[in-house]
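Novice: Make a model of this:
(2 chains)
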Amino acid sequence: MNKIKVRFAPSPTGPLHIGGARSALFNYLSARHNRGELVLRSEDTDLERSRREYEEEIIESLRWLGIDWDEGLEVGGENGPYRQTERLNLYNEYTARLLESDQAYYCFCSEEELEEERRQAMARGQMPGYSGKCRYLTAEEVKARLAQGQKPAIRFKVPSNRVYVVDDLVRGRVNFDSNNIGDFIIVKSDGIPTYNFAVVIDDVLMGISHVIRAEEHLSNTPRQLMIYDALNLKRPEFAHISLILGDDRQKMSKRHGATSLVQYREMGYLPEALFNFLALLGWSPEGEEQILSPDEIISAFTLERVAKNPAVFDLDKLNWINQQYIKQKDHEELKTLIMPYLQESPYAEDVARLDKVQLDLLVEVLRDRIICLNDVGKELAEFFALPEYDAGAMEILQADGTEPVLEAFINGLPDYKEAAEIQQFIKSITKSLKLKPKNVFMPLRCALSGKSHGPDLPYLIFIWGREESLSRVRQVLEMIK
RNA sequence: GGCCCCUUGGUCAAGCGGUCUAAGACACCGCCCUUUCACGGCGGUAACGGGGGUUCGAGUCCCCCAGGGGUCACCA
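Specialist: Now for the predicted structure:
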């Protein structure tokens, strides 16, 4: 088998979408698994909507996810340029061939005319599709109109009574009847080629062996096959992966909340978690393990194990995976990740007062309590929000046995060096007062934090510091007396 | 509407004619650990869309129907 070469070809009309990211990922995985190559190219022929900023944002997102490529944007290569708008002369050559061989023709219809045609077809109960009106214009008419300065589009002459067959690597054999397809535009009146045409030329010129893309492109494939055939070009293999749906089973869109990769980054998801999660949407490894490193995924990835059915984006699972990755981080790495969130929080000043030991403990306590980095903000309130004694807390504080516990705490809290000593000390109160642990911990917790739940009490005390803790308990003691 | 794709538990999914009285994971529920919450451990509820075939035997193959999705642009 020849070396495989795949590509990811986004159109820079918006940020990288979750679905696009997965297409990129599957291409990347195929390339790496087979020791082939990945090309990144920009399909920017929609002049209206394409923006260079989006291209940059997409590239940044891909890099963030952990995807790199061997040829194309930013890295260069021998088949450039890698932006379609910079390849216009290349397409012209093929357009000319199609025109000369009478497989394409000029179309002078205006938007309005086409619109009207569509309306009438609808009214007749038929569906839109170009009538072929300009197909039989004589050479003289064409010449005349051109001379008048009219700007025509160029349409491909769809052969009739032909069946186009796609042997799709994930869907199997799919047939399309050419009679259901109207003559389509390959070059717009502004001289820019359309997707269905440019994509073929690029894939051929760049030596793409496998086209792996979203299923929404399956219906377009016969049009592309026509171009390959008309130009006598070798067709690549195709693999159409199913779409990612929202929880209402519709194609993922803004309505479903965050759909772009940058949004997930901003929410504090880790790139390795997204990488893992996206790989598992539509693909599954042989084993039962769900948490897989990029290398493990690469070595296990094959198109044969890609599912045909669409997948609903399951945020719960993403959350769980992200949590797993947070748990796996070593301390310093986690600290580095969390620091910015600590510094941006309303409690940044409190955090700044902590010494290294306290800060390290805070990071470790946070580890088990957050799902994504963004949770740090609200979790921090558990540590640094001033106590507000709610009804439940007051009830516990005003119970009979509370006073002696608080007094014992104030009188006996040792000059500890680590949180474990605090734990031991509180345990010792349970013994000396002959109380259940709960009847010691809860009054203290409520006195200290105002709440009946939260992180381990010794950790909280350690992070607040001895003086602050004592002072809080003293105040409560006075209040309830 | 035409064409095309898809259909296993709430979700992701394994299964590629017999070992399926159907795996695993997320979520959910229960129990345990525990001062509480979280973490962790253990266990549980829960599925082959419907109908016809083919076959000794069908979740697995074929057909029909239903449902969902995609596509029919001078967008990709």
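Novice: Residues of the stretch 1-150 of chain A that sit close to RNA strand B?
Specialist: A:9-11, A:13, A:43, A:45-46, A:49, A:107, A:109-111, A:114, A:118, A:125, A:127-130 (Cβ under 7 Å from any atom of the strand). All C-beta spots, glycine's among them, are computed from the backbone N, C-alpha and C.
Novice: of these, buried ones?
Specialist: Among these, those classed as buried by 16 or more other Cβ atoms under 10 Å are A:Ala9, A:Pro10, A:Ser11, A:Glu43, A:Thr45, A:Asp46, A:Cys107, A:Cys109, A:Leu114, A:Arg118, A:Tyr130.
Novice: Tell me the spacing between the fifth one and A:Val75.
Specialist: Looking back up the chat, that one is A:Thr45. 22 Å (Cβ to Cβ, to the nearest Å).
Novice: domain assignment for chain A?
Specialist: A:87-241, A:254-328, A:339-480 (automatic domain parsing).
Novice: Are the last one and RNA strand B in contact anywhere?
Specialist: Yes. Taking Cβ under 7 Å from any atom of the strand as the criterion, domain A:339-480 and RNA strand B are in contact, through A:368-369, A:437-438, A:441-442, A:445, A:452-458.
Novice: Please apply the same query to the shortest one.
Specialist: Yes. Domain A:254-328 lies within reach of RNA strand B by Cβ under 7 Å from any atom of the strand, at A:280-282, A:284, A:286, A:288, A:290, A:304-305, A:307-312, A:314, A:316-317, A:319-320, A:323, A:327.
Novice: Off-centre distance for that domain?
Specialist: 9 Å (Cα atoms, centre = their mean, to the nearest Å).
Novice: End to end on it, go ahead and measure it.
Specialist: Separation of the first and last residues of domain A:254-328 by Cα to Cα, to the nearest Å is 32 Å.
Novice: avg pLDDT for that domain?
Specialist: Averaged across domain A:254-328, the pLDDT comes to 95.
Novice: just the strands in chain A please.
Specialist: Applying DSSP state E to chain A gives strands spanning A:5-8, A:37-40, A:71-72, A:104-107, A:153-156, A:163-168, A:172-177, A:185-187, A:210-214, A:237-241, A:244-245, A:311-312.
Novice: Could you check stretch A:365-382 and say which residues are buried?
Specialist: A:365-367, A:370-373, A:375-377, A:379-380, A:382.
Novice: Likewise for stretch A:286-298?
Specialist: In stretch A:286-298, counting by 16+ other Cβ under 10 Å, buried: A:Leu292, A:Pro294, A:Ile297, A:Ile298.
Novice: Dump those to a markdown table, plus distance to A:Leu261.
Specialist: Listed next are those as a markdown table, based on distance: Cβ to Cβ, whole Å:
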| residue | distance to A:Leu261 |
| --- | --- |
| A:Leu292 | 19 |
| A:Pro294 | 16 |
| A:Ile297 | 17 |
| A:Ile298 | 20 |
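Novice: List just the nearest of the residues you listed to A:Asn79.
Specialist: Nearest to A:Asn79 among those, counting by Cβ to Cβ, is A:Ile298 at 24.4 Å.
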